[in-house]
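**Q** Provided below are the primary sequence and the corresponding predicted coordinates.
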Amino acid sequence: MGAAALSEDAKVGTGLDLVLDIGKTRARLMVLDAEGQVLAAMDTASQARPCALGYSALDTDGLAAWLAQAIVSLGPLRDGLRHAVVTAHGAAFALVDDDGLVLPVPDYEFEGFDERPADWVGDIGDFALTLSPDLPRGLNAATQLDWLQRHHGHLLQRGQWLPYAQYWAWWLSGVAASEVSSLGCHTHLWHPAQGRFSDLAERRGWAARSAPLRRAWEVLGPVRPELGARLGLPASLHVHVGVHDSNACLARYLRAAPRMTLVTTGTWVVVMAPGAPYRALDPRADLLGNVSVRQGLVPTGRFMGGRELQHLCAGADPALANTADLDDLLARGVMALPGFEPQGGPFRDQTGQVVDANGPIRLDSLSPAQRATLAALYCAQVTAWITMQLGGTAPVVIEGPFADNAVYTGVLASLLPTGGVSVSTDTLEGTARGAWMLAHWTDPTHTPLATTPVAPWHHPALAGLQAAWLRQISAN
């Protein structure tokens, strides 16, 4: 754990904001000033571990201990904190009562969630209402709640359900709330177009045990007095409701560009197309409906791009991707056919392979730089396919670590007929920036967007390779 260097002015500043970004892979704590500049930043790995109830659980105790230590280490910066906002990954819900967690927060990657009742598909309801595919493991929150109800039903008779972002807001404030961007992210608990709990959630009693619905930017209240005293936080620190992570990133753009396509990258590559012309979403292709912080329906597609990138890199540094090796791969007809990760995505039921013009080849026959380049090419191809299936419109903005990969961005800009592809140039990643903006959502002015256009990467063999790739994936 390390804090960013602090200026003397930062140490005595006021009107500061605390942002907690609780991701599936890493958790971050940041302090921002009134202009949105980062004054301090720390991070740690997000962990999961077996629990006594027989499932894999998120390590909330370890994370709470780290957060407490990190907050204390802020020293004089704590005195200037006025707002706290949490953003967290989806597919995680916490059951709390006056004594704390009723049971450990399930980890959606627990393989036991694949054990389901024979009538489960019929029980979850029509996709036209839930706009959520039936996904593996616990990627649908309702799958987790069903498993818990069947195995530990007596525990579910107490407490309130909170989405994961709101769990950490509750940890700070003691006030329980729910929020639509988390309820509506492929949970089977919400009907996005109707703006209400699903029939399944009502029938099972989960809706009745959900905390009251609040908007992401609302203030829940001040920090809990006992926690504030222990961590040296000011009593005037206002805790906001918080938000699902992909929707935090989208919120950053909604005020300036209500019609756009946002590509957030990381463990998951998520394509969100608010304002796209309506097209029928397809659960088989993991094309689903999310819900924005404004409660609007957001056509969305995603795949586990970060994991697939790692698989294809096979130990190579993704930063080795380069256009010279891309030229060579295209000349040889080398391409990766999906998929390489069964947890979500349009090709989750297909078995991936690497081929060239003569047939399958071994991944280890490629150099590290070639593997990194192939991985970037593949992720751009899948991203372009999803964007076109959604009918995503320009501007197209790429956020997250893939925005620094020139092969990924250049190929994507070349494959998309919409044009207008840009990358974020904000020094702060979009999820954290969006969370920070929610603390100032009702301010009369808003922070201008920081993006730069991407030049399409032209190569005579790219169109032919993409056509061959599309034929192959259609045949599988």
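**A** Perfect, thanks for sending it.

**Q** drop to CA atoms for contacts and neighbour counts, all remaining ones
**A** Fine.

**Q** now the residue nearest to V219 when sequence neighbours are not counted: how far from V105?
**A** Of all residues not flanking V219 in the chain, H240 sits nearest, at 4.2 Å (C-alpha to C-alpha, 6 or more residues apart in numbering). Plainly put, H240 is 21 Å away from V105 if you go by C-alpha to C-alpha, to the nearest Å.

**Q** And A91, by the same measure?
**A** A91 is 10 Å from V105, by C-alpha to C-alpha.

**Q** How about E218?
**A** E218 is 24 Å from V105, by C-alpha to C-alpha.

**Q** Give me the more crowded residue out of those two.
**A** V105 (23 against 17; other C-alpha atoms under 10 Å).

**Q** Return the per-residue confidence for the closest residue to E202 other than its chain neighbours.
**A** Using C-alpha to C-alpha, 6+ apart and skipping the chain neighbours, the partner closest in space to E202 is A208 (7.0 Å). Here the pLDDT value assigned to A208 is 97.

**Q** How many neighbouring residues does the nearest residue to V121 once chain neighbours are set aside have?
**A** Spatial nearest neighbour of V121, excluding adjacent residues (C-alpha to C-alpha, 6+ apart): D134 at 7.3 Å. Using other C-alpha under 10 Å, D134 has 22 neighbouring residues.

**Q** V241 contacts Y164, doesn't it?
**A** No: using C-alpha atoms under 8 Å, V241 makes no contact with Y164, being 11.0 Å away.

**Q** more neighbours, these two?
**A** V241 (32 against 26).

**Q** ok, the residue lying closest to that one once chain neighbours are set aside - contacts?
**A** Closest residue to V241 apart from its sequence neighbours, by C-alpha to C-alpha, 6+ apart: A216 at 4.9 Å. Counting by C-alpha atoms under 8 Å, 6 or more residues apart in numbering, A216 touches E179, H240, V241, G242, V243, V293, L438.

**Q** how about a cut-off of 6 Å?
**A** V241, G242, V243 (C-alpha atoms under 6 Å, 6 or more residues apart in numbering).

**Q** Now the phi/psi pair for it, please.
**A** The phi and psi torsions at A216 (degrees, to the nearest 10) take the values phi -60, psi -30.

**Q** Quick check: it vs G90, distance?
**A** A216 is 14 Å from G90, by C-alpha to C-alpha.

**Q** for D99, what are its contacts?
**A** With C-alpha under 6 Å, 6+ apart, D99 has no contacts at all.

**Q** What residue in the protein is the furthest from its centre?
**A** N358 (38.0 Å; C-alpha atoms, centre = their mean).

**Q** how far away is it from M335?
**A** Distance from N358 to M335, by C-alpha to C-alpha: 11 Å.

**Q** what's the burial count for R230?
**A** Using other C-alpha under 10 Å as the criterion, R230 is surrounded by 11 other residues.

**Q** Where does it sit: helix, strand or coil?
**A** helix (DSSP: H, G, I helix; E, B strand; the rest coil).

**Q** Okay, and the beta partners of R28?
**A** D21, D43 (DSSP bridges).

**Q** tell me, how many neighbours does I386 end up with?
**A** Neighbour tally, I386, other C-alpha under 10 Å: 24.

**Q** Spatially nearest residue to it, not counting backbone neighbours?
**A** G301 (6.0 Å).

**Q** surely the one you found meets G289?
**A** No: contact between G301 and G289 fails when scored by C-alpha atoms under 6 Å: they sit 8.3 Å apart.

**Q** tell me, what's touching the two both at once?
**A** In contact with both G301 and G289: no residue, using C-alpha under 6 Å, 6+ apart.

**Q** how about the helices in the stretch 251-400 of the chain?
**A** For the stretch 251-400 of the chain, the helices defined by DSSP state H, counting those that start in this stretch occupy 305-313, 323-332, 368-390.

**Q** in the second one, what's buried?
**A** Within helix 323-332, the residues that count as buried by 16 or more other C-alpha atoms under 10 Å are T323, D325, L326, D327, L329, L330, A331.

**Q** State the distance from the second one to Q353.
**A** Meaning D325. Distance from D325 to Q353, by C-alpha to C-alpha: 19 Å.

**Q** before we move on, what about the first one?
**A** Using C-alpha to C-alpha, one gets 22 Å for the distance from T323 to Q353.

**Q** now do V270
**A** For V270, the distance to Q353 - C-alpha to C-alpha - is 23 Å.

**Q** Between those two, tell me which one has more neighbours.
**A** The neighbour comparison of V270 against Q353 (other C-alpha under 10 Å) goes to V270, with 24 against 17.

**Q** Is that one in contact with T261, as I believe?
**A** No: taking contacts as C-alpha under 6 Å, V270 lies outside contact range of T261: 10.2 Å.

**Q** Compare the helices of the stretch 251-400 of the chain and give me the one nearest P401.
**A** Of all those, it is helix 305-313 that lies closest to P401, at 9.3 Å by C-alpha to C-alpha.

**Q** Quick check: mean pLDDT of that closest one?
**A** pLDDT averaged over helix 305-313 gives 97.

**Q** Show me the strands in the stretch 101-250 of the chain, by range?
**A** 160-163, 190-191, 196-197, 219-222, 238-240, 243-244 (DSSP state E, counting those that start in this stretch).
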